[in-house]
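Trainee: Got a sequence here, can you model it:
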Amino acid sequence: GNDTGIISRHTELLMHLINRELQKNPGQEMDELVNTSLNEFSDLLNVTGEDTEPFQNELNLIKEQIPQSGKLINYTEKTVFLLLDAALNVQSDKSQKIQVQRIRNLSFQLNNLIEVEKNKSGSSQFSDQAKGSLPIAETLLKFDALADLQPKEGSELMNPKRFDRITSILKTLNSSQKLFGKKAYLFFEEGMNNHLKNIQGLFDKAEIVPVTKNNAVEKLRSTFDREIISFIDLIKALRIAELELTNNYLEDIHDDYFDHFSWRDFTMAELNACPFFVLFAEDGVLSDTEHSSLSSLISANYPVNIFSFRNEASRNSKDSIWGKDEYLHKHEEVAAMMLAYKNIYVLQTCGIKPARMYDSISRGLTSYAPSFIHILNPADEFTDKPYLWASSSIESRDFPLFTFQGLLGTSWGSRFNIDHNPQADTTSPFHTVRYVDENGEDQSLNLQFTFADQYYLLEASRRHYKIVPSAFWSDHLIPLSEYLKKNNEESLAKIPFIWMTDEDHVLHKVAIDWTLVVACQERLDFWRFLQENSGINNVHVKKALDNLKLEMREVFEFETNQLKKEHAAEIKKIKDEESDKVIDNLANVLLDLDVDSLSIQENNQTIDTDPDIADLQDHTLPDSSKEESIQETQKENTDMLVQDPYIETAMCTACDECIGINNKMFRYNEDKLAYIADSSAGTYRQLVEAAEACPVGIIHPGTPANQNEPDLSELIERANKFN
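Mentor: Numbers count the residues shown, from 1 in each chain. You can find the predicted model right below:
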């Protein structure tokens, strides 16, 4: 309640101090680092006067809320591996702890069962003891026959086969502790050698296995097949132990079942207690030389984890494939290719949202299916601002984030999730760009961030852009976001551009060439694919809405016609009744007329009549009075025809068409359905264009509020079919 506002106004300074310390020593203890930075922050600001005490109170409040454990890391290419190491450790520890406790409980109970069996005194025990103590008399006495004369025990001895089975199980359980020494087997394909420096000090309980790009997948499969055998024996022993302790092991049934027992019979909890088998490889390798082996592995439903890294390292080089036009049109979506396998967990992710990435990776590791995780992880040598490149890749829809959880039996649309993308319901995110106009005054524009905006960050891409001097600006130049919405005929002779500001914050129109336009169309096309699968702007939903709208219109027209008929009948009835009344009144007037009062004046040819029938003589009104009466009637009729613009909000498909035309006039409500927020915030032309652009035709422009707007007659004619 007594916020000084000092901290909120200087947040960037505080972040700078923290980042500076992290650059010196990454991964510092959070409480120590933030406390140190806050103290330096306080010294630099040197707050005095009446704000001194409140400011210090605010600093102390922040310090109290800092977590006492955990490390603070900065965003580098190592961030992904830190998050993966954390996910592996947490998920492995959690799953293995459950199985270790299960082993201890079953071992304890089985040992008790064996002890009870050993303490039973049986005939065989007496016979053996007698033979051993009286060797001379062995030829004189039949000890086995003598043993038969012993009193029988109260309980039967355990079947020897069962006794041996339980003993074998105990041996397996007692030797199982060594199985939990490793948490993972990590296979690094040779193209990932530049990332090996990032795993120093990590994965301390994992075995690192270097592999070549020609045998990476096969090495992963063979290692899994070899190492999983010990865990099959362990899980089999645990299952048999549970059956034996409840005396439910039926040899005729269970012997055959456990003879064919494999890892495919594991429960999810049992499978997650085994080491994770993870392959790290560049996406190009997996879509090229290793594609066939990978396809075979995933089709066989091996519960392995594939981490595919997008190779960004060479893209900023003049000799890189990004410098070639054809590369822009061969953008392989390796994660999307994995959707063909259906029963698979697919994740396309990036470390700029660490909590989301950690949770998503954890779900992939513990899913009872193969997981394929495609990661954007800009290398340090690729850019000095990896966070900027990564976030711009996501916002431009060049590398959209998505999750596909391929659980068989679930609806297709429910398997997709793209909610963690910025403004996922739009084609491209909107941002406010501030600039300085020709008068030196601050202005702003609401613009969409496209692939062309991001691609300019690469020096090798600059030849695709051309600044257009203001002297050559014309109607042929249109914003790229609008150009991408038009078909070939509509875009004929048009040149797409994007806005850029220079170092002085002055706006420039920058034209882009056709090669880059096609790349933008392809990026947008893939994004629409993800949107539709996630239920956003789905063509089938639109079709259903169109059908529903048509049905509603038919019902509306039918009901309207019925009302019109009823209204017409009612008007006719009223007219007939009123006509009868008028005739009756006229007859009464004429019958009561005083003939003597009539005075014929031949000079001006006027007739004086009774005032009661003066309304029947409107033909005697002066011409000026008639004109005024007609004008008033026309004005009333015009006022009655004024229509306010409106949207059938319930039918909105959130397509962004109207928002893109004027996001102050058109807005989304809390349900992401469009409505007219302020019709005066734009022109009548924009209302008409929005109605024409609306795919479901639910925008009604009404009548123009500004009668002086240019080309009004043309606009009214275009608007008629929507009103």
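
Trainee: if I read this right, Ser393 contacts Tyr455, doesn't it?
Mentor: No. Under the criterion of C-beta atoms under 8 Å, Ser393 is not in contact with Tyr455, lying 9.8 Å apart. All C-beta spots, glycine's among them, are computed from the backbone N, C-alpha and C.

Trainee: Can you list the low-confidence ranges for the protein?
Mentor: Applying pLDDT under 70 to the chain flags residues 1-2, 121-155, 312-330, 408-409, 412, 582, 589-590, 592-641.

Trainee: State which helix of it is the longest.
Mentor: When every helix of the chain is counted residue by residue (DSSP state H), the longest turns out to be helix 539-591.

Trainee: how far out from the middle of the chain is that one?
Mentor: A distance of 50 Å separates the centroid of the chain from that of helix 539-591, by C-alpha atoms, centre = their mean, to the nearest Å.

Trainee: before we move on, what about stretch 204-216?
Mentor: Remark: stretch 204-216 is offset 32 Å from the chain centroid, using C-alpha atoms, centre = their mean.

Trainee: go on, stretch 7-17?
Mentor: Its chain's average C-alpha position is 30 Å from that of stretch 7-17, according to C-alpha atoms, centre = their mean.

Trainee: again with stretch 423-439
Mentor: In terms of C-alpha atoms, centre = their mean, the centre of stretch 423-439 is set 21 Å apart from its chain centre.

Trainee: Give the buried residues for that stretch.
Mentor: Going by neighbour count (16 or more other C-beta atoms under 10 Å), the buried part of stretch 423-439 is Ala424, Asp425, Thr426, Thr427, Ser428, Pro429, Phe430, Tyr435.

Trainee: I'd say the third one and Asp656 touch.
Mentor: Yes. Between Thr426 and Asp656 a contact is recorded at 5.0 Å, counting by C-beta under 8 Å.

Trainee: Show the contacting residues for Val211.
Mentor: Contact analysis of Val211 by C-beta atoms under 8 Å, 6 or more residues apart in numbering lists Phe187, Phe188, Glu189, Glu190, Lys219, Leu220, Leu279.

Trainee: before we move on, back to that, which of the buried residues of stretch 423-439 sits closest to Ala693?
Mentor: Of all these, Ala693 sits closest to Thr427, with 12.9 Å by C-beta to C-beta.

Trainee: And for the residue nearest to the closest one when sequence neighbours are not counted, the neighbour number?
Mentor: With sequence-adjacent residues excluded and distances taken as C-beta to C-beta, 6 or more residues apart in numbering, Thr427 is closest to Asp656, at 5.8 Å. Using other C-beta atoms under 10 Å, Asp656 has 23 neighbouring residues.

Trainee: For Asp656, give its distance to Gln448.
Mentor: Asp656 sits 9 Å away from Gln448, going by C-beta to C-beta, to the nearest Å.

Trainee: joint contacts of the two?
Mentor: A shared contact of Asp656 and Gln448, defined by C-beta under 8 Å, 6+ apart, is any residue touching both; here these are Thr426, Thr427.

Trainee: What's the local residue count around Val688?
Mentor: Residues contacting Val688 under the criterion other C-beta under 10 Å number 22.

Trainee: Then Ile166?
Mentor: By the other C-beta under 10 Å criterion, the neighbourhood of Ile166 contains 21 residues.

Trainee: Three-state assignment for it, please.
Mentor: Recorded secondary structure, Ile166: helix (DSSP: H, G, I helix; E, B strand; the rest coil).

Trainee: right, and it touches Ile114 too?
Mentor: Yes. The pair Ile166 / Ile114 is scored as a contact, 6.5 Å apart, by C-beta under 8 Å.

Trainee: quick one: contacts for Tyr75?
Mentor: When contacts are counted by C-beta under 8 Å, 6+ apart, Tyr75 touches Gly351, Ile352, Pro386, Tyr387, Ala390.

Trainee: wait, what's in contact with the fourth one?
Mentor: Under the criterion of C-beta under 8 Å, 6+ apart, the neighbours of Tyr387 are Tyr75, Ile352.

Trainee: tell me which element it falls in.
Mentor: Per DSSP states H and E: Tyr387 is located in helix 386-395.

Trainee: Quick check: next helix or strand after that helix?
Mentor: strand 402-405.

Trainee: circling back to that earlier point, flag every buried residue along the helix holding Tyr387.
Mentor: By neighbour count, and taking 16+ other C-beta under 10 Å as the criterion, the buried residues in helix 386-395 are Pro386, Tyr387, Trp389, Ala390, Ser391, Ser392, Ser393, Ile394, Glu395.

Trainee: can you check stretch 64-82 too?
Mentor: Of the residues in stretch 64-82, those buried by neighbour count under the rule 16+ other C-beta under 10 Å are Leu72, Ile73, Asn74, Tyr75, Thr76, Glu77, Lys78, Thr79, Val80, Phe81, Leu82.

Trainee: so of these, which ones are in strands?
Mentor: Counting by DSSP state E, the part of the buried residues of stretch 64-82 found in strands is Leu72.

Trainee: Next, format the buried residues of stretch 64-82 as CSV and append distance to Arg264.
Mentor: Written out in CSV, the entries for the buried residues of stretch 64-82 read as follows (distance: C-beta to C-beta, whole Å):
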residue, distance to Arg264
Leu72, 43
Ile73, 38
Asn74, 43
Tyr75, 40
Thr76, 40
Glu77, 37
Lys78, 36
Thr79, 35
Val80, 31
Phe81, 31
Leu82, 33
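
Trainee: tell me which of the buried residues of stretch 64-82 is nearest to Glu577?
Mentor: Minimum distance to Glu577 across the buried residues of stretch 64-82 is 83.5 Å, recorded for Tyr75 (C-beta to C-beta).

Trainee: What's the separation between that closest one and Asp384?
Mentor: In this structure, Tyr75 lies at 12 Å from Asp384, with C-beta to C-beta as the measure.

Trainee: how many other residues sit next to Ser491?
Mentor: Residues lying near Ser491 (other C-beta under 10 Å) number 16.

Trainee: got the contact list for the residue nearest to it when sequence neighbours are not counted?
Mentor: Setting aside the residues directly before and after it, Ser491 is nearest to Tyr483 in space (C-beta to C-beta, 6+ apart), at 5.9 Å. By C-beta under 8 Å, 6+ apart, the residues touching Tyr483 are Ser491, Lys494, Pro496, Val517.

Trainee: quick one: which of these has the most company?
Mentor: With neighbours taken as other C-beta under 10 Å, the top of these is Pro496, carrying 24 neighbours.

Trainee: Return the list of helices and strands in contact with the helix or strand hosting Leu297.
Mentor: Assessed by DSSP H and E, Leu297 sits inside helix 291-299. Using 3 or more C-beta pairs under 8 Å, 6 or more residues apart in numbering; DSSP states H and E as the contact criterion, the elements in contact with helix 291-299 are helix 216-245.

Trainee: Great, nothing more from me.
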